[in-house]
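Sequence first, predicted coordinates after that:
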Amino acid sequence: MHEPLHWLILFLPLLAAMVITLFLQRYPRCSAALSVGAVLASFLLSVGVLAEFLDGRAPDIALTWLQVGSLQIQFGLHFDALSALMLLVVTGVGSVIHIYSVGYMRGDPHYARFFAEMSLFTFSMLGIVVSNNFFQMFVFWELVGLSSYLLIGFWYQRPSAADAAKKAFLTNRLGDVGFLIGIVLAWAVTGTLSFAGMKDQLLRDPTLFNTTATVVGLLIFCGAVGKSAQFPLHVWLPDAMEGPTPVSALIHAATMVAAGVYMLCRVFFIFTHHDLLVIAWIGGITALLSALIAVQQDDIKRILAYSTLSQLGYMVMAVGFSAPPAAMFHLTTHAFFKALLFLGAGSVIHALSQEQNIWQMGRLRSKMPLTYWTFLAGTLALCGLWPLSGAFSKDAILAAAWEHNKALFALGELVAFLTTFYMFRLFFVVFLGKPKSDLVGHAHESPRIMTYPLVFLAAASVVGGFMGITQFITPQFSPASARLPIFAPLEPFETSPVAALLGLAAIAIGFVAAYVYYAGAESDPLPGKMKEVCNVLRHKFYFDEFYAGLVDVCQDKPARAINLCDIGLKLLVRLTHGTAEWTGRVLRLVQTGNLQTYTLLLAAGAALVLYFMLTR
Amino acid sequence: MSPLTIIFLLPLLTALVLALIPRNFRFSIRGLALLAGLVSMLIAVHAFCKFDGQASPSGFRFEERHAWAPGAGISYHVGADGLNLGLILMGAVVLFAALCVSWRIHTREKEYYILLLLMGGGILGAFASLDLFFFYILHELALVPAFILIGVWGVGKDKNYAAYQITLYLSLGALLVLAGLLAVYLQMPGASRTFDIVELTRYFSAHPMQSGAEHWIFPLLLIGFGILVSLYPFHTWAPLGYGTAPTGAAMIHAGVLKKFGLYGLLRIALPLMPDEAQRWALIIAALGLGNVVLCGAVAMRQRELNMLLGNSSVAHVGFAFLGIASMSLIGFTGAVVVMVAHGFLAALNYALSGYLREELKTLDMDQMGGLLSRLPFIGTVMIMAMMAACGLPGFAGFFGETLVFFGSWHRSEVVTVLAIWGALIVAGVYMLRAIRSIWHGDKQWPGLSDVTNPWRRLPYGLLLAALLVFGCFPRLLTDNIKASVTPVARLMGEEIAGGGSVLKVYGLNSFSPRHPVEDNASGAAVPGGPHR
Amino acid sequence: MTPVGLQHYLVVSVLLFCLGLLGVLVRRNVLVIYMSLELMLNAANLALTAFSRFNNNLDGQIIVFFIITVAASEVAVGLALIVALYRRRHTTHVEDMTALKN
Amino acid sequence: MNPAMLSLELAVIGLALAVLLIDLWTLHEFKHRLGYLAAAGLLVILVASLCCASTGEPPATGFSGMFVQDGLALFFKRIFLAAGVLVVLMGVEFRDRIPMGLGEFFTIILMELAGMMFAASANDFVMVYVAMEMMSVSFYILISFQRSRSYSLEAGVKYLILSALSAGLLVFGIALIFGTSGRTNFAVVAAEGTRLAQNKLFCLGALLVLLGLAFKISAVPMQMWAPDVYQGAPTPVTAFLAIGSKAAGFVLVLRVLFVAAPALALHWGKLFTWAAALTILYGNLCAIPQRSLKRLLGYSSIANAGYILLGVAALNPPGSVAVLYYLAGYAFTLAVIFIVLCLVARDSDDIAVLAGLNRRSPLLALALTLGMISLAGIPPLAGFFGKLLLFKAVLEQAAVHRSYLWLALVAIAGVVISYYYYFGVIRAVYWSEEGPEMTPIAVSAPLKVSMGVCIAAMFYLGLCPDAVLSAAAKAVQALRF
């Protein structure tokens, strides 16, 4: 491929976004076509890049964006296994979701704006993927944050959506603060921003970072905590479900939230084992907390959101176990099945006139068969039932956990159980049982432009495990490792049978538990049985309340105090001005108009002058 | 004739011509003013494109020099280098935009345009001048117009106080600067005294000022320029002044005039008194942080849009101060980028808030909400502008701010961390809250009208485009800037080599294991970095 | 008895000057104030004459002539002014002339 | 002795007598033409002084050294003549408010002018006294010229008493100086300067003289009269007081300090520093709450005396150059302002009369604004460059004595405070479109021209300082430091 074509991968979506914003606001169909075309073209070009990479001809392109003194900032396109895989995920899943959106968003008054923002997002996400240096990555990191903000707040007329967008952006920014500080620190020590350069230096001198090594790693990890919504910054993701469902699928399930994981893999070389331990535990905690919360959610999209959080926790945990290939593998399969689940949920919501409460659904199996079957495939893949794709990727992570940290392994198994439990809770309540509201009666299968993407994604979810993704990516992280076989259906059971079997057991227990409680349930039986626990879970462990208090104490109260100081300063200025005026008014009283006052003062003044000049 | 001369004389002369036109000829008055602004801007753009710093040995392009008053050491000397080129371009664009958005002014148009042109032309001339006399008086040309503009066309019950406050406060700063500049001038031996900045710089780099004099001259300049730039704690004039000023005046004042002080510090105070500047670096940094963090926090509490924008604008110049306080090439470059970027940004923000004020008759954010659906164009542009204000990449300010972070890290980690907090979080909080309460939400607004006429959209588009262009292609600015600030940075760098005084001053470097000077060895070649 | 010397003249002159000044400060009638002012001038005259005499320098006495002449013209104008004021206001007291103040 | 030395003074006195004589044969309705005659005559003399009269190089002395014609004297005489022209023209405009004796009004102005010119050339303490009294006596008459207006009379009496009091101090001081030095000639006194500087009696004498002069320039502690008298006097007379009397006072201060007693002056820096600082603060602070325009200008004149004292306090040649330059600019600035006041403030001089002026007469509004800007010292007008020179002189001294830095800071504070009331005037002019009186104001051609000339001069002095600066530098060569 020629070099300009590589640039086009990145800039086609941006171009689409710009053209739509500037010229096509009034032409919804054209804008949709343009947006979809752009992302499809990017996908095709990405396939080209993959071919190039497999041939060993993938280019490294870098322009100097900025050069001031010792600071050199490049704008580059870096293609390796990691970025090629991620490119395909982003553009591939992205294309499917774009196409789905054409149907899902039909009739919305801001149809064109939606596609412009989607294209902008695609551009930003691709920018992260192809970055060859920290700075460029940070730039696109922020842009992704922006597009996420715009898309969550797409229906800005809804106060809840507007609030959610704001919350998402600011929470992300908290992570970005650490990320940026980490970048600056890393640059200050190594003098370079490029991944390759820094990696080279670290290889040459592993003690380069000296005492700051752990700090750098943790600061960089902060970025991932924000973007991938890890504990303790996970609170924004569930709220982000206020955005349109395709947005949730693309951004808040398949791609953007995975960017954190991608970044961790990309800069894996910078982490020390202390960092990795922290990363693993943060991932584990996130996985567990969100899986627990998901058990007691009633909003279909929120359940999926917590599920996403939980799976992201898995991926981050995998990075913490020094297993980036496993993380990337799970990232890919998760992109397939979580996008599928969201789109399926979207299909349901679409059919039920925007109803999202699962306790208003039921028996949709007969009304929406295609959605039903694809959703089932997605659910099973998510639970990790062999031979669906989730099984392979999840087991890779659990195997790594078994090897590194038994406590986290146990935690992982617990999460696997919970995952199956809440997913089948959702599944039973929504698709089986009795209809729980009148809406179900009017439900009907979605149009083909929405169901075909479901089918496509379901297929990918099913066979994702056999695509050889680990095999493709592993050489990048451990070049010395033996070449793995491309097709290995029984691989989980071979590498770590304990993990795989325990995983299957967890799925089985989870399924049975869900069946017992929720098959045919009219309302949630759990709150009645475990009132306190459910209350805590329904309040998401009171994180939002806690943070509201924290923000009030750490930000609003100080701000109020500072504002008072500022008012004090203003008063000081007024006081100065007032003092001058007041002095003038007082001094003016001397001018009584009486000649005698004047002569007296004049003589007194003269006497004073004489006294001071002649006695000194 | 140098294009710089035309750029600033054209608005000034047009103001004179307007004075001769009868006040009923509204169309001609506005047309002529716009034409002058347009031509001035086009020449500025042309000069910006044609600029190549290498062309002359002195580093200045478009130089023009005439003897003016040799007896007093005054000459007419204009020239551009990377330091002021961007500012001139920014000033010219903002002036034109300010003239464009003034179409809503219907009372006493003639005086309004005359005063606006005087203000804009004056400050452009001040940026172009390489002679302290013209540098000073052309800036002061704005003092009276600003007073009258706020007083006559201003909005709000506090406008009288605001007009007085801005005038008195700024004149205090200007007079301190004047005293400082005169003191610098007097430091030269009697016969060779000159106000020429180039010669002053040359003289003082060969004969460093005696430190006794430096000790009081630098503070004079710092506080004087600081007042002009609303350095914490001398900032209280800014939000109120801008908040009450008519849109065009607020744009020029907040966007362009405010940069004068920073420009003065970089152009005069630092190169002439590098040692003293080093000694004050920590204080400058602390005050800059005051701007960024404290004024940012104040902005969070504001419920009036213009007060919020005013405090935000005060907060942003803090980054330029931090860049200056870093005393490094990267920091200086960042500071200048911040200056240019903030010029466009502040002008854009005030242009938009002015439109809102006209439409809504209030800027109380508690009464707004849901405006985006009624005002899609203004809303979209303002959301972009507000995003730019919280340091989003793609807008010019981002590069300035990050360069400042990179530059100041070696000086003080604590300062940098706080600055990053201020840039990403504090700014994010108040801007997003503002977007939330103004544009988002479900309030209905019948009867509002958006800007639909492409001509009316022009000024907003122009400013936004400028922000985006420099945000995406920062080298347009930085390549020129770094060439021009390299000598200044070198002056500072030699200090590091000489006594290592810098680290002692900051005393905060324990965190970073390696010294910046050594880092350069492993990094790319450093044209202007510190030398050993 | 010591001969009358320069000091004695000067003491008298200073006393006269102070007396005149006191008059200016405490009297309320403009006419009297004006007379006191003349007294001050005469104190200076006395000093000049004494200096002239004791320094053997006639310049001082010539200066006195200058002063007397100038003072005469001043008095002419001043009295006319006071009369004009009296005709308008029917008073020559300083407390009554406080229309211009603050 | 060269009688031609006195030609300027003689010409002015001759002109005065001519006006007085012609007045006898002039009908009442044509009397204002006498003003034009006087103005034209003065203009001719001014032009002559610029082109033909001796340049003051080398300095010529006459009348036993009492009278000196040097660069300094000429510089001031030109200022006086120019001020005279403008004041006479103002007087013409003012004629409807002078019930009788218009011819005498012009004559006395010319006499006054002659007194000022003598002051500029004074080289002997006796000359100082005589010139000052010549000015004072003329001012008694001029100030109370509106005999039907009790304000005018009251101002006259106040000026009479206070001026006489200060003259008393001056005379007594002269007596003491004469007594201790034996002579009254500046050059002779200066020659014995170092010996006399030890003599307390001489110091007392010199201080009393300076106090007497401080009255003329309205500096602390002799400043009390200015607001009352400025307010009460007829406007052209106020202008003449502000421009001429002050300049005459300053030339005398310079001469006494730097010609007669340079040895003393160097030790008295502190006196002038304090005087300058207090004068600046007093004038500016008192002016803030002021509503009467002429009274405002009275306080402003005190404040400006303070600024000019900065140049004296600097005790160096640049300081004196600054004094000269400032006074030149000050003359034109005040002339513009008073011309506008003559035209606008007819019945009352409350600041409210300016309301709507911008609509009534944009030209006058602009002229007044420019005047205020220059007075406030804002670029690019004369007042700015004058203040710049004054600051420069003070800062030059600050390099040696750090206490001068505080003086500079006080001056800066004073300037900032002064903006408060100067901008108050600008505000009155521009803020409101409506005023109590909205009829357009007719301006006679001579006044238009003179306003134009003054504004041009303000710009010229503000932007192109070289010519006047070198003239001033030459002029101060007469002084010794």
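Looks like it arrived, so ask away. Residues are numbered from 1 along each chain as shown, chains lettered A, B, ... in the order given.

Output the longest helix belonging to chain C.
Assignment by DSSP state H gives helix C:59-89 as the longest helix of chain C.

tell me the mean pLDDT over that helix?
The average pLDDT within helix C:59-89 is 92.

Quick check: closest non-adjacent residue to the residue nearest the centre of chain C.
The centroid of chain C falls nearest to C:Glu38 when counting by Cα atoms, centre = their mean (2.2 Å). Distance criterion Cβ to Cβ, 6 or more residues apart in numbering or on different chains; nearest residue to C:Glu38, sequence neighbours excluded, is C:Ala71 at 6.6 Å. Quick note: C-beta positions are derived from backbone N, CA and C, even for glycine.

hang on, that neighbour packs against C:Ala44?
No - between C:Ala71 and C:Ala44 there is no contact under Cβ atoms under 8 Å: 10.0 Å.

count of residues packed around the residue nearest to C:Glu38?
For C:Ala71, the count of nearby residues is 21 (other Cβ atoms under 10 Å in any protein chain shown).

Also B:Ser28?
13.

so what pLDDT did it get?
For B:Ser28, pLDDT reads 93.

Please report the distance of it from B:Leu99.
Computed as Cβ to Cβ, to the nearest Å, the B:Ser28 to B:Leu99 distance reads 14 Å.

and A:Lys166, which of the three is it?
Counting by DSSP: H, G, I helix; E, B strand; the rest coil, the backbone at A:Lys166 sits in helix.

For the closest residue to it other than its chain neighbours, pull up the helix or strand it's in.
In this structure, A:Lys166 finds its nearest non-sequential neighbour in B:Leu432, 4.7 Å apart by Cβ to Cβ, 6+ apart. Element membership for B:Leu432 (DSSP states H and E) is helix B:427-438.

which regions of the chain lie under the pLDDT threshold?
Going with chain A. A:480-489, A:616 (pLDDT under 70).

not quite, I wanted chain B
B:53-58, B:494-532.

which residues of it fall in strands?
B:61-69, B:74-80 (DSSP state E).

Give the helix, strand or coil label for whichever residue of chain C sits closest to chain A.
Of all residues in chain C, C:Lys101 sits closest to chain A, at 2.7 Å by Cβ to the nearest Cβ. What three-state DSSP gives for C:Lys101 is coil.

excluding its backbone neighbours, what's nearest it?
Counting by Cβ to Cβ, 6+ apart, the residue nearest C:Lys101 is A:Gly593, at 2.7 Å.

what kind of secondary structure is the one you found in?
Per three-state DSSP, A:Gly593 ends up coil.

got a list of what it touches?
Taking Cβ atoms under 8 Å, 6 or more residues apart in numbering or on different chains, we find A:Gly593 in contact with C:Met97, C:Thr98, C:Ala99, C:Leu100, C:Lys101, C:Asn102, D:Asp228.

Can you verify my assumption that the fifth one contacts A:Thr592?
Yes - counting by Cβ under 8 Å, A:Thr592 is a contact partner of C:Lys101 at 5.7 Å.

Get me the contact residues on chain A for chain D.
A:580-581, A:583-585, A:587-588, A:590-591, A:593, A:595, A:597-599, A:601-606, A:608-610, A:612-614 (Cβ under 8 Å from any Cβ of the partner chain).

Among those, which ones are in helices?
Those of the residues of chain A next to chain D lying in helices (DSSP H): A:580-581, A:583-585, A:587-588, A:595, A:597-599, A:601-606, A:608-610, A:612-614.

Separate out the buried members of those.
The neighbour count (16 or more other Cβ atoms under 10 Å in any protein chain shown) marks A:580, A:583-584, A:587-588, A:595, A:597-599, A:601-603, A:605-606, A:609-610, A:613 as buried among these.

Close to chain C as well: tell me which of those qualify.
Within those, those near chain C by Cβ under 8 Å from any Cβ are A:Arg588, A:Leu595, A:Thr599, A:Ala603.

close enough to count as contact, the first one and D:Cys286?
To tie it back to what came earlier, the one meant is A:Arg588. Yes - using Cβ under 8 Å, A:Arg588 is in contact with D:Cys286, at 4.9 Å.

ok, back up a step: the ones in helices among the residues of chain A next to chain D: which ones sit near chain B?
Applying Cβ under 8 Å from any Cβ to these, none is adjacent to chain B.

Close to chain A: what parts of the stretch 351-481 of chain D are there?
So far as Cβ under 8 Å from any Cβ goes, the stretch 351-481 of chain D lies against chain A at D:Ile417, D:Tyr420.

Closest approach to chain A from the stretch 351-481 of chain D, which residue is it?
D:Ile417 (5.5 Å).

any idea how far that residue lies from chain C?
To chain C, D:Ile417 is 18 Å away according to Cβ to the nearest Cβ, to the nearest Å.

who's in contact with B:Phe332?
By Cβ under 8 Å, 6+ apart, the neighbours of B:Phe332 are B:Leu266, B:Gly323, B:Ile324, B:Ser326, B:Gly407, B:Ile481, B:Val485, B:Val488, B:Ala489.

What about the residue of chain C found nearest chain B, how many residues nearby?
Residue nearest to chain B within chain C: C:Asn102 (22.2 Å; Cβ to the nearest Cβ). Neighbour count for C:Asn102, taken as other Cβ under 10 Å: 18.

Tell me how far it lies from D:Ser218.
Looking at C:Asn102 against D:Ser218, where the rule is Cβ to Cβ, the gap reads 17 Å.

So A:Phe75, which state does it fall into?
strand.

ok, it touching A:Ile61?
No - between A:Phe75 and A:Ile61 there is no contact under Cβ under 8 Å: 9.0 Å.

which of the two has more neighbours?
Just comparing A:Phe75 and A:Ile61: by other Cβ under 10 Å the higher neighbour count belongs to A:Phe75, 20 against 15.

who touches that one in this structure?
Here A:Phe75 is in contact with A:Ala62, A:Leu63, A:Thr64, A:Trp65, A:Gln136 (Cβ under 8 Å, 6+ apart).

So in that sheet, which strands flank the helix or strand harbouring the third one, and in what orientation?
Put plainly, it is A:Thr64. Assigned by DSSP H and E, A:Thr64 falls within strand A:60-68. Each strand paired with strand A:60-68, and its direction, by DSSP bridges: strand A:71-78 (antiparallel).

following the partner strand, which helix or strand shows up next?
Taking DSSP H and E, what comes next after strand A:71-78 is helix A:81-104.

where does that next one sit relative to the chain's centre, distance-wise?
16 Å (Cα atoms, centre = their mean, to the nearest Å).

and the angle for it with strand A:71-78?
70 degrees (axes from the mean of the first three to the mean of the last three Cα atoms, to 10 degrees).

Check which helices and strands helix A:81-104 sits against.
Judged by 3 or more Cβ pairs under 8 Å, 6 or more residues apart in numbering or on different chains; DSSP states H and E, the packing partners of helix A:81-104 are helix A:28-55, helix A:111-130, helix A:245-249, helix A:256-266, helix A:324-351, helix A:448-463, helix A:469-477.
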